[in-house]
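[1] return a 3D structure for these sequence lines:
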Amino acid sequence: MYNPLKGRDLLSIHELSVEEVELILDLAAKLKSMQKSGIPHRWLEGKTLGMIFEKSSTRTRVSFEVGMSQLGGSALFLSNRDLQLGRGEPIKDTARVLSRYLDGIMIRTFGHDRIEEFAEYAEIPIINGLTDLLHPCQVLTDLLTIREHKGKDLRGLRMAYVGDGNNMANSYCSGAAKVGIYLTLATPATHKPDQKIFDYAVEDSIATGGSVKWTEDPIEAVKNADVVVTDTWASMGQESEHDERKKIFAPYQINSELMEHASPRAIVMHCLPAYRGEEITEEVFEQNADVIFDEAENRLHTQKAILALTMG
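    Alright, predicted model coming up:
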(Lines give C-alpha, C1' and ligand atoms only; values in the text may rest on other atoms or scores of the structure.)
Protein backbone atom coordinates (compact mmCIF):
# COMPACT_ATOMS: atom_id res chain seq x y z
CA MET A 1 0.00 0.00 0.00
CA TYR A 2 1.34 3.43 -0.96
CA ASN A 3 1.84 5.45 2.19
CA PRO A 4 2.24 9.20 1.60
CA LEU A 5 2.61 9.85 5.34
CA LYS A 6 5.68 7.67 5.92
CA GLY A 7 8.34 9.75 7.65
CA ARG A 8 6.10 12.82 7.74
CA ASP A 9 5.22 15.13 10.62
CA LEU A 10 1.61 15.56 11.68
CA LEU A 11 1.31 19.06 13.10
CA SER A 12 -2.06 20.13 11.70
CA ILE A 13 -4.98 18.76 9.71
CA HIS A 14 -4.69 21.65 7.25
CA GLU A 15 -1.34 20.24 6.09
CA LEU A 16 -2.98 16.92 5.18
CA SER A 17 -4.66 16.29 1.85
CA VAL A 18 -8.25 15.10 1.67
CA GLU A 19 -6.95 11.65 0.68
CA GLU A 20 -4.53 11.55 3.63
CA VAL A 21 -7.31 12.35 6.10
CA GLU A 22 -9.39 9.53 4.64
CA LEU A 23 -6.37 7.20 4.81
CA ILE A 24 -5.94 7.89 8.53
CA LEU A 25 -9.63 7.38 9.26
CA ASP A 26 -9.87 4.19 7.22
CA LEU A 27 -6.80 2.70 8.90
CA ALA A 28 -8.07 3.74 12.35
CA ALA A 29 -11.33 1.87 11.70
CA LYS A 30 -9.38 -1.18 10.50
CA LEU A 31 -7.08 -1.16 13.53
CA LYS A 32 -10.06 -0.84 15.87
CA SER A 33 -11.69 -3.86 14.25
CA MET A 34 -8.47 -5.85 14.45
CA GLN A 35 -8.01 -4.95 18.11
CA LYS A 36 -11.58 -5.94 18.97
CA SER A 37 -11.15 -9.23 17.09
CA GLY A 38 -7.83 -10.05 18.75
CA ILE A 39 -5.92 -9.92 15.45
CA PRO A 40 -2.25 -9.04 16.04
CA HIS A 41 -0.97 -5.89 14.33
CA ARG A 42 2.55 -5.42 15.66
CA TRP A 43 3.54 -3.17 12.78
CA LEU A 44 6.03 -1.05 14.76
CA GLU A 45 8.07 -3.90 16.26
CA GLY A 46 11.34 -2.51 17.61
CA LYS A 47 10.31 1.15 17.18
CA THR A 48 10.37 3.67 20.04
CA LEU A 49 8.19 6.75 20.43
CA GLY A 50 9.33 9.59 22.66
CA MET A 51 6.45 11.42 24.37
CA ILE A 52 7.31 14.95 25.51
CA PHE A 53 4.78 16.39 27.94
CA GLU A 54 5.03 20.07 28.81
CA LYS A 55 1.27 19.85 29.52
CA SER A 56 -0.05 16.92 31.53
CA SER A 57 -2.82 14.65 30.23
CA THR A 58 -4.72 11.47 31.02
CA ARG A 59 -6.02 10.44 27.60
CA THR A 60 -3.02 11.55 25.54
CA ARG A 61 -0.42 9.72 27.58
CA VAL A 62 -2.37 6.50 28.06
CA SER A 63 -3.61 6.25 24.46
CA PHE A 64 -0.21 6.86 22.88
CA GLU A 65 1.60 4.56 25.32
CA VAL A 66 -0.90 1.72 24.97
CA GLY A 67 -1.09 2.30 21.23
CA MET A 68 2.65 1.84 20.79
CA SER A 69 2.52 -1.31 22.91
CA GLN A 70 -0.26 -2.79 20.80
CA LEU A 71 1.69 -1.95 17.64
CA GLY A 72 4.67 -3.87 19.04
CA GLY A 73 6.82 -0.86 19.88
CA SER A 74 7.58 1.03 23.06
CA ALA A 75 6.91 4.53 24.36
CA LEU A 76 9.13 6.68 26.54
CA PHE A 77 7.49 9.34 28.76
CA LEU A 78 9.52 12.56 28.98
CA SER A 79 8.47 15.51 31.13
CA ASN A 80 10.24 18.85 31.52
CA ARG A 81 11.90 17.41 34.61
CA ASP A 82 13.41 14.63 32.49
CA LEU A 83 14.82 16.85 29.73
CA GLN A 84 17.41 19.58 29.47
CA LEU A 85 14.64 21.63 27.82
CA GLY A 86 13.51 22.36 31.35
CA ARG A 87 16.95 23.88 32.05
CA GLY A 88 17.08 26.01 28.93
CA GLU A 89 18.64 23.76 26.28
CA PRO A 90 17.60 25.03 22.83
CA ILE A 91 14.74 23.13 21.21
CA LYS A 92 16.81 22.60 18.06
CA ASP A 93 19.54 20.81 20.05
CA THR A 94 17.07 18.55 21.85
CA ALA A 95 15.37 17.74 18.54
CA ARG A 96 18.65 16.75 16.87
CA VAL A 97 19.79 14.63 19.82
CA LEU A 98 16.51 12.76 20.22
CA SER A 99 16.42 12.09 16.48
CA ARG A 100 19.50 9.90 17.03
CA TYR A 101 17.76 7.78 19.69
CA LEU A 102 14.08 7.58 18.73
CA ASP A 103 11.89 6.69 15.74
CA GLY A 104 9.22 9.34 16.39
CA ILE A 105 8.22 11.99 18.90
CA MET A 106 4.83 13.08 20.17
CA ILE A 107 4.76 16.51 21.83
CA ARG A 108 2.07 18.05 24.04
CA THR A 109 3.01 21.64 24.74
CA PHE A 110 1.87 25.26 24.96
CA GLY A 111 2.99 27.49 22.09
CA HIS A 112 2.61 26.04 18.59
CA ASP A 113 5.92 27.64 17.61
CA ARG A 114 7.69 25.17 19.92
CA ILE A 115 6.47 22.13 18.02
CA GLU A 116 7.16 23.80 14.68
CA GLU A 117 10.76 24.43 15.70
CA PHE A 118 11.07 20.86 16.93
CA ALA A 119 9.82 19.58 13.56
CA GLU A 120 12.20 21.85 11.67
CA TYR A 121 15.28 20.35 13.31
CA ALA A 122 14.19 16.77 13.97
CA GLU A 123 14.96 14.03 11.45
CA ILE A 124 12.10 11.79 12.60
CA PRO A 125 8.29 12.22 12.51
CA ILE A 126 6.87 14.75 14.98
CA ILE A 127 3.24 14.35 16.06
CA ASN A 128 1.25 17.17 17.60
CA GLY A 129 -0.35 15.79 20.77
CA LEU A 130 -1.76 19.28 21.50
CA THR A 131 -0.66 22.88 21.40
CA ASP A 132 -2.50 26.03 22.44
CA LEU A 133 -3.34 26.53 18.75
CA LEU A 134 -4.26 23.05 17.49
CA HIS A 135 -5.35 19.58 18.59
CA PRO A 136 -5.32 17.53 15.36
CA CYS A 137 -5.27 14.03 16.90
CA GLN A 138 -8.47 14.76 18.83
CA VAL A 139 -10.37 16.14 15.84
CA LEU A 140 -9.31 13.21 13.61
CA THR A 141 -10.57 10.99 16.43
CA ASP A 142 -13.86 12.86 16.46
CA LEU A 143 -14.26 12.41 12.71
CA LEU A 144 -13.82 8.65 13.18
CA THR A 145 -16.46 8.70 15.92
CA ILE A 146 -18.90 10.65 13.75
CA ARG A 147 -18.36 8.11 10.97
CA GLU A 148 -19.30 5.31 13.37
CA HIS A 149 -22.53 7.02 14.42
CA LYS A 150 -23.55 8.85 11.23
CA GLY A 151 -22.06 6.85 8.36
CA LYS A 152 -18.73 6.85 6.56
CA ASP A 153 -19.55 9.61 4.07
CA LEU A 154 -19.54 12.82 6.11
CA ARG A 155 -20.21 15.17 3.21
CA GLY A 156 -23.18 17.42 3.87
CA LEU A 157 -23.38 16.56 7.57
CA ARG A 158 -24.28 19.55 9.74
CA MET A 159 -22.04 20.18 12.72
CA ALA A 160 -22.16 22.89 15.37
CA TYR A 161 -19.24 23.81 17.60
CA VAL A 162 -20.36 25.88 20.61
CA GLY A 163 -18.03 27.50 23.13
CA ASP A 164 -14.50 28.87 23.12
CA GLY A 165 -12.66 29.50 19.85
CA ASN A 166 -9.70 27.47 21.13
CA ASN A 167 -7.40 24.77 19.74
CA MET A 168 -10.35 22.40 19.30
CA ALA A 169 -12.36 25.00 17.38
CA ASN A 170 -9.36 25.70 15.16
CA SER A 171 -8.81 22.03 14.38
CA TYR A 172 -12.53 21.46 13.78
CA CYS A 173 -12.34 24.16 11.10
CA SER A 174 -9.63 22.23 9.28
CA GLY A 175 -11.14 18.79 9.89
CA ALA A 176 -14.64 19.70 8.73
CA ALA A 177 -13.27 21.34 5.60
CA LYS A 178 -11.32 18.22 4.63
CA VAL A 179 -14.35 15.89 4.77
CA GLY A 180 -17.10 18.16 3.41
CA ILE A 181 -18.97 18.87 6.65
CA TYR A 182 -21.11 22.00 7.03
CA LEU A 183 -19.60 23.47 10.19
CA THR A 184 -20.94 26.47 12.07
CA LEU A 185 -18.98 27.71 15.06
CA ALA A 186 -20.71 29.75 17.76
CA THR A 187 -18.36 31.69 20.03
CA PRO A 188 -18.34 35.11 21.64
CA ALA A 189 -16.93 37.77 19.31
CA THR A 190 -14.05 38.19 21.76
CA HIS A 191 -13.13 34.49 21.56
CA LYS A 192 -13.32 33.61 17.87
CA PRO A 193 -11.21 30.90 16.21
CA ASP A 194 -7.84 31.88 14.79
CA GLN A 195 -8.59 33.98 11.71
CA LYS A 196 -5.82 32.56 9.54
CA ILE A 197 -6.85 28.97 10.25
CA PHE A 198 -10.51 29.87 9.69
CA ASP A 199 -9.71 31.46 6.31
CA TYR A 200 -7.67 28.43 5.21
CA ALA A 201 -10.59 26.18 6.17
CA VAL A 202 -13.06 28.24 4.16
CA GLU A 203 -10.80 27.79 1.13
CA ASP A 204 -10.30 24.06 1.75
CA SER A 205 -14.05 23.47 2.10
CA ILE A 206 -14.67 24.60 -1.47
CA ALA A 207 -12.93 21.48 -2.82
CA THR A 208 -15.03 19.09 -0.70
CA GLY A 209 -18.39 20.86 -0.95
CA GLY A 210 -18.50 21.66 2.76
CA SER A 211 -18.57 25.02 4.50
CA VAL A 212 -17.12 26.72 7.56
CA LYS A 213 -19.04 29.60 9.12
CA TRP A 214 -18.97 31.61 12.34
CA THR A 215 -21.77 33.17 14.36
CA GLU A 216 -22.15 34.69 17.78
CA ASP A 217 -25.54 33.01 18.20
CA PRO A 218 -25.48 29.41 19.53
CA ILE A 219 -29.09 28.79 18.47
CA GLU A 220 -28.24 29.70 14.89
CA ALA A 221 -25.27 27.33 14.96
CA VAL A 222 -27.17 24.40 16.41
CA LYS A 223 -30.24 24.71 14.16
CA ASN A 224 -30.82 21.31 12.46
CA ALA A 225 -27.32 20.15 13.43
CA ASP A 226 -26.56 16.43 13.20
CA VAL A 227 -23.58 16.76 15.55
CA VAL A 228 -23.04 19.26 18.36
CA VAL A 229 -19.60 19.56 19.96
CA THR A 230 -18.15 21.60 22.79
CA ASP A 231 -15.06 21.86 24.96
CA THR A 232 -14.08 23.20 28.35
CA TRP A 233 -14.31 26.97 28.73
CA ALA A 234 -10.95 27.29 30.51
CA SER A 235 -8.15 25.26 28.96
CA MET A 236 -5.00 24.21 30.76
CA GLY A 237 -3.05 27.33 31.67
CA GLN A 238 -6.20 29.48 31.87
CA GLU A 239 -7.25 28.45 35.38
CA SER A 240 -6.89 32.01 36.72
CA GLU A 241 -9.49 33.15 34.17
CA HIS A 242 -12.05 30.52 35.16
CA ASP A 243 -14.58 32.75 36.93
CA GLU A 244 -14.43 35.42 34.23
CA ARG A 245 -14.81 32.84 31.49
CA LYS A 246 -17.85 31.29 33.17
CA LYS A 247 -19.64 34.63 32.82
CA ILE A 248 -18.58 35.14 29.21
CA PHE A 249 -19.53 31.65 28.05
CA ALA A 250 -22.70 31.12 30.10
CA PRO A 251 -24.94 31.65 27.01
CA TYR A 252 -22.98 28.93 25.21
CA GLN A 253 -23.83 26.01 27.48
CA ILE A 254 -24.98 22.80 25.77
CA ASN A 255 -28.28 22.12 27.53
CA SER A 256 -31.65 20.58 26.69
CA GLU A 257 -33.11 23.93 25.64
CA LEU A 258 -30.35 24.53 23.11
CA MET A 259 -30.55 20.94 21.84
CA GLU A 260 -34.22 21.42 20.96
CA HIS A 261 -32.98 23.40 17.96
CA ALA A 262 -30.76 20.56 16.70
CA SER A 263 -31.87 17.57 14.66
CA PRO A 264 -33.91 15.09 16.77
CA ARG A 265 -31.23 12.49 15.97
CA ALA A 266 -28.32 14.76 16.84
CA ILE A 267 -25.38 13.44 18.85
CA VAL A 268 -23.32 15.51 21.29
CA MET A 269 -19.56 15.10 21.61
CA HIS A 270 -17.01 16.33 24.12
CA CYS A 271 -13.26 15.60 24.07
CA LEU A 272 -13.08 15.54 27.91
CA PRO A 273 -12.50 16.41 30.65
CA ALA A 274 -16.08 17.73 30.93
CA TYR A 275 -17.20 20.18 33.58
CA ARG A 276 -20.86 19.39 34.05
CA GLY A 277 -22.93 22.44 34.83
CA GLU A 278 -20.56 24.66 32.85
CA GLU A 279 -20.07 23.96 29.12
CA ILE A 280 -22.51 21.03 29.23
CA THR A 281 -25.27 19.95 31.61
CA GLU A 282 -25.26 16.64 33.43
CA GLU A 283 -28.47 15.68 31.60
CA VAL A 284 -27.14 16.23 28.08
CA PHE A 285 -23.80 14.64 28.92
CA GLU A 286 -25.38 11.44 30.25
CA GLN A 287 -27.81 11.25 27.33
CA ASN A 288 -24.78 11.16 25.04
CA ALA A 289 -22.34 9.31 27.29
CA ASP A 290 -22.07 6.30 24.95
CA VAL A 291 -20.95 8.54 22.09
CA ILE A 292 -18.61 10.59 24.28
CA PHE A 293 -16.83 7.52 25.61
CA ASP A 294 -16.65 5.99 22.12
CA GLU A 295 -14.91 9.25 21.26
CA ALA A 296 -12.52 8.83 24.18
CA GLU A 297 -11.72 5.24 23.17
CA ASN A 298 -11.13 6.25 19.57
CA ARG A 299 -8.12 8.36 20.58
CA LEU A 300 -6.33 5.01 20.88
CA HIS A 301 -7.29 3.72 17.44
CA THR A 302 -6.81 6.99 15.57
CA GLN A 303 -3.42 7.66 17.09
CA LYS A 304 -2.35 4.09 16.31
CA ALA A 305 -3.17 4.81 12.68
CA ILE A 306 -1.12 8.01 12.79
CA LEU A 307 1.82 6.20 14.43
CA ALA A 308 1.68 3.30 11.97
CA LEU A 309 1.55 5.60 8.95
CA THR A 310 4.23 8.09 10.00
CA MET A 311 6.64 5.69 11.74
CA GLY A 312 6.04 2.49 9.75
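[2] alpha carbons only for contacts and neighbour counts from here, please
    OK.
[3] next up, phi/psi of Q253, please.
    phi -70, psi 140 (degrees, to the nearest 10).
[4] contacts only, for it.
    The contact partners of Q253, by CA atoms under 8 Å, 6 or more residues apart in numbering, come to 162-163, 278-281.
[5] nearest to H112 among these?
    Nearest to H112, judged by CA to CA, of the contacts of Q253 is G163 at 21.2 Å.
[6] what's the pLDDT at that closest one?
    Looking at G163, its pLDDT is 98.
[7] repeat that for the one 4 residues further on.
    Reading off the confidence values, N167 has pLDDT 97.
[8] wait, it sits on N128?
    No. The pair N167 / N128 is not scored as a contact, 11.7 Å apart, by CA atoms under 8 Å.
[9] tell me where the stretch 101-250 of the chain has helices.
    Secondary structure of the stretch 101-250 of the chain (DSSP state H, counting those that start in this stretch): helices at 112-121, 136-150, 167-179, 195-208, 218-222, 242-249.
[10] export those to CSV and append columns for distance to H270.
    Below are the helices of the stretch 101-250 of the chain laid out as CSV (distance: least, CA to CA, whole Å):
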stretch, distance to H270
helix 112-121, 23
helix 136-150, 9
helix 167-179, 10
helix 195-208, 21
helix 218-222, 15
helix 242-249, 16
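[11] can I get the contacts of Q253 in CSV with distance to K196?
    What follows is those, written out as CSV (distance: CA to CA, whole Å):
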residue, distance to K196
V162, 19
G163, 19
E278, 29
E279, 26
I280, 28
T281, 32
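[12] among the residues you listed, pick out the one closest to D153, please.
    Using CA to CA, the contacts of Q253 come closest to D153 at V162, 23.2 Å.
[13] now do the same contact list for that closest one.
    185-187, 218, 221, 228-231, 252-254.
[14] before we move on, what about K192?
    Contact analysis of K192 by CA under 8 Å, 6+ apart lists 164-166.
[15] so what sits against both of N167 and N128?
    Counting by CA under 8 Å, 6+ apart, the shared contacts of N167 and N128 are H135.
[16] quick revisit: who wins for most neighbours among the contacts of K192?
    Most neighbours among the contacts of K192, by other CA atoms under 10 Å: D164, with 29 neighbours.
[17] and that residue, how close does it get to L140?
    Distance of D164 to L140, given as CA to CA, to the nearest Å: 19 Å.
[18] try R155
    From R155 over to L140 the distance is 15 Å, taken as CA to CA.
[19] who has more neighbours out of these two?
    L140 (26 against 17).
[20] who's in contact with the more buried one?
    By CA under 8 Å, 6+ apart, the neighbours of L140 are 21, 25, 175, 302.
[21] tell me how many other residues crowd S56.
    The burial count for S56: 13, using other CA under 10 Å.
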